[in-house]
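Student: Let's see this in three dimensions:
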Amino acid sequence: MGTIDCLKCKQQSSCCNFGVWVDLDVAKKILALGLKGDFYHLEEDKNSPSGYRVGTSVEDDPCSFLTPEGLCSIHKVDYSLKPHHCKEFPYENGRLSPFADVLCAVVKSKKKKQGGREK
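Tutor: Numbering: from 1, shown residues only. Next up, the predicted model:
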């Protein structure tokens, strides 16, 4: 499929329609910024540095840090604290994310032009 250029996306916040998991220690730093938004669903996670993770949304709601203008409030204030998944999307570990078909408008558009098949 090639490289995805998010700057060409006409729906740049479509990938924020669902939240992401964030390490608890990073979430505490984000909360200290005083931004509008919150974290939900604290759970143990052996892959998180702190051993815990929290979500940025409730169920299938958009990310709680998404502004009414469709921008990431974390990104606007401190890019270094923007969740790793958000910085990397539509990729995960260097490969196209399995969620890209659902959340990435650029990927959906390219697949539609290709007749639904990945080339």
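
Student: Spatially nearest residue to the residue nearest the centre of the chain (excluding sequence neighbours)?
Tutor: Of all residues in the chain, the one closest to the mean position by Cα atoms, centre = their mean is Cys86, 3.5 Å from it. If the residues on either side of it in the chain are set aside, Cys86 comes closest to Val20, at 6.0 Å by Cβ to Cβ, 6 or more residues apart in numbering. C-beta coordinates here come from the backbone N, C-alpha and C atoms, glycine included.

Student: The one you found touches Arg53, doesn't it?
Tutor: No. Taking contact to mean Cβ atoms under 8 Å, the distance of 9.5 Å between Val20 and Arg53 leaves them out of contact.

Student: neighbour-wise, which of these two wins?
Tutor: Neighbours were counted for Val20 and for Arg53 using other Cβ atoms under 10 Å; Arg53 has more, 22 against 19.

Student: tell me the contacts of the residue nearest to the centre of the chain?
Tutor: Applying Cβ atoms under 8 Å, 6 or more residues apart in numbering, we find Cys86 in contact with Cys15, Cys16, Val20, Cys72, Ile74, His75.

Student: I'd like to know how many residues surround the fourth one.
Tutor: Taking other Cβ under 10 Å as the criterion, the count of residues near Cys72 is 23.

Student: Quick check: pLDDT value at the closest residue in space to it that isn't next to it in sequence.
Tutor: Sequence neighbours aside, Phe65 is the residue nearest to Cys72 in space, at 6.0 Å (criterion: Cβ to Cβ, 6+ apart). In the prediction, the pLDDT value recorded for Phe65 is 95.

Student: ok so, going back, quick one, what contacts the residue nearest to Cys86?
Tutor: Taking Cβ under 8 Å, 6+ apart as the definition of contact, the neighbours of Val20 are Gly55, Thr56, Cys63, Pro83, His85, Cys86.

Student: Please export the C-alpha coordinates of the helix or strand bottoming out on mean pLDDT in the chain as PDB.
Tutor: Taking mean pLDDT, DSSP states H and E as the measure, the helices and strands of the chain show their lowest mean at helix 105-113, namely a mean of 72. Extracted C-alpha coordinates of helix 105-113, given in PDB (Å, rounded to 0.1, in the frame of the first residue of the first chain):
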ATOM      1  CA  ALA A 105      -9.600   7.700   6.100                       C
ATOM      2  CA  VAL A 106      -6.600   7.500   3.800                       C
ATOM      3  CA  VAL A 107      -6.400   3.700   4.000                       C
ATOM      4  CA  LYS A 108     -10.100   3.400   3.500                       C
ATOM      5  CA  SER A 109     -10.000   5.600   0.400                       C
ATOM      6  CA  LYS A 110      -7.100   3.700  -1.100                       C
ATOM      7  CA  LYS A 111      -8.800   0.400  -0.500                       C
ATOM      8  CA  LYS A 112     -12.000   1.700  -2.100                       C
ATOM      9  CA  LYS A 113     -10.100   2.800  -5.200                       C
END
